[in-house]
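**Q** Quick one: sequence and predicted model below, then my questions.
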Amino acid sequence: MIYIQSGYAPDPDLNHARILYASHAAGATPTASTSATGHPAIAATYPTTFEYWEPTALPATWAVDLTTAKAVDAVGLYGDLAGCTCAVEYSADGTTWTVAMTQALTDKINMLLFASVSARYWRLQFTVAIPRLAIAYVGSALAMQRKIYQGHTPLTLARVTDIATNMSERGQFLGRSIIRMGAQTSCEWAHIKAAWYRANFDPFVSAARTDPFFIGWRPLQYPSEMGFVWATDDIKPNITGPRDFMSVGLTVRGLINGA
């Protein structure tokens with residue numbers, strides 16, 4: 001689910017896709033209020049989904065020192081988080097904290113969007129329920145210059161399932177087993193200014209060769225239609241028309257909320 005801070009009205013608006021791909025927390029050594037054995041705070045800085053930070057008591061905090069003040073307007077979270085309330089907080093000194101946004105979470109995959117703040121220290125504070133936080137991206141979301149229009153299949157409606165079907169010698173149906181499941185879709189953008197592409201989108205293209213990312217195609221209109229995904233191939237633009245525009249598409253596969 002994508003959650004939007006009350007009163008937040010950025011330009012371009014939130015019916016343009018948002019992609020959170022670069023986490024300032026990557027490579028940092030976070031500190032936590034408590035950590036269960038085998039589930040350290042640093043696990044949430046990795047892009048892998050099988051390991052996680054789990055506190056032993058509430059309220060629980062997970063904090064990172066970015067070494068210098070950096071702009072943040074988005075936090076991406078993946079894990080067993082339904083029922084938790086998460087406060088995103090920032091600080092100039094690591095002692096006095098200000099809340100950027102507080103949200104009750106209902107899903108495994110979440111993106112919180114809020115007005116940009118530049119700060120050195122960032123903290124997540126969980127209450128109500130113990131989280132299992134596998135991934136925490138803290139950074140600035142890429143706001144796409146153009147919207148996605150017709151022809152798009154929302155990620156949460158594009159399920160991909162590998163299934164083994166069991167049959168008897170006479171062709172009787174004996175059941176089916178799911179080997180793996182996820183979702184896969186394509187996103188297309190047209191009439192992107194070439195200078196904007198080079199300055200803003202190409203850094204994402206480079207990062208997407210190795211790193212997964214959070215994406216929501218229309219956060220305001222369809223906040224539930226987002227996921228934590230990875231590109232299935234290299235992303236390459238095309239020059240379109242005489243006015244120095246580009247078009248670009250990518251195919252992604254990954255995780256969605258629900259089945």
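**A** Arrived safely. Numbering: from 1, shown residues only.
**Q** what ranges do the helices span in the chain?
**A** Counting by DSSP state H, the chain has helices at residues 194-196, 202-207.
**Q** now for the ones you listed, which one comes closest to C84?
**A** Closest to C84 of the helices of the chain is helix 202-207 (C-beta to C-beta; 28.0 Å). Where C-beta positions appear, they are placed from N, C-alpha and C, glycine not excepted.
**Q** got a list of contacts for the closest one?
**A** Helix 202-207 has contacts (C-beta atoms under 8 Å, 6 or more residues apart in numbering) with 19, 21-22, 142, 213, 234-235.
**Q** same question, stretch 38-51
**A** Under C-beta under 8 Å, 6+ apart, the answer for stretch 38-51 is 23, 25-32, 35, 52-54, 62, 64, 78-79, 132-136, 211-212, 228, 255.
**Q** Could you pick out the buried ones from those?
**A** Buried by 16 or more other C-beta atoms under 10 Å: 23, 25, 28, 30, 32, 35, 52-54, 62, 64, 78-79, 132-136, 211-212, 228, 255, out of the contacts of stretch 38-51.
**Q** Now, those that are in strands?
**A** Judged by DSSP state E, the buried ones among the contacts of stretch 38-51 include 32, 62, 64, 78-79, 132-136, 228, 255 as members of strands.
**Q** about what we covered before: out of the contacts of helix 202-207, who's nearest S116?
**A** Comparing these against S116 with C-beta to C-beta places L142 closest, at 13.0 Å.
**Q** Skip the chain neighbours and tell me the closest residue to the closest one.
**A** I19 (4.3 Å; C-beta to C-beta, 6 or more residues apart in numbering).
**Q** what sits opposite that neighbour in the beta ladder?
**A** Per DSSP bridges, residues listed as beta-bridge partners of I19: L142, I215.
**Q** do you know how far it is from F201?
**A** 9 Å (C-beta to C-beta, to the nearest Å).
**Q** In contact with Y78, which residues?
**A** Residues in contact with Y78, defined by C-beta under 8 Å, 6+ apart, are 49, 108-110, 133-135, 228, 255.
**Q** any idea how far stretch 20-30 is from the chain center?
**A** 12 Å (C-alpha atoms, centre = their mean, to the nearest Å).
**Q** and the residue lying closest to S33 once chain neighbours are set aside, how many neighbours?
**A** With C-beta to C-beta, 6+ apart as the criterion, S33 has its nearest non-adjacent residue at 4.5 Å, and that residue is T61. By the criterion of other C-beta atoms under 10 Å, T61 has 19 neighbours.
**Q** From the contact counts, what lies against the lowest-mean-pLDDT helix or strand in the chain?
**A** Least confident helix or strand of the chain, by mean pLDDT, DSSP states H and E, is strand 159-167 with a mean of 84. If contacts are counted by 3 or more C-beta pairs under 8 Å, 6 or more residues apart in numbering; DSSP states H and E, strand 159-167 sits against strand 173-193.
**Q** From the contact counts, what lies against the strand it packs on?
**A** Strand 173-193 packs on strand 159-167, strand 245-256, going by 3+ C-beta pairs under 8 Å, 6+ apart.
**Q** So which residues make contact with the first one?
**A** Same thing as strand 159-167. Under C-beta under 8 Å, 6+ apart, the answer for strand 159-167 is 173-184, 253, 256, 259.
**Q** next one: stretch 64-75
**A** 10, 18, 20, 24-25, 28, 30-31, 45, 88, 90, 92, 94, 100, 111-124, 136-141, 214.
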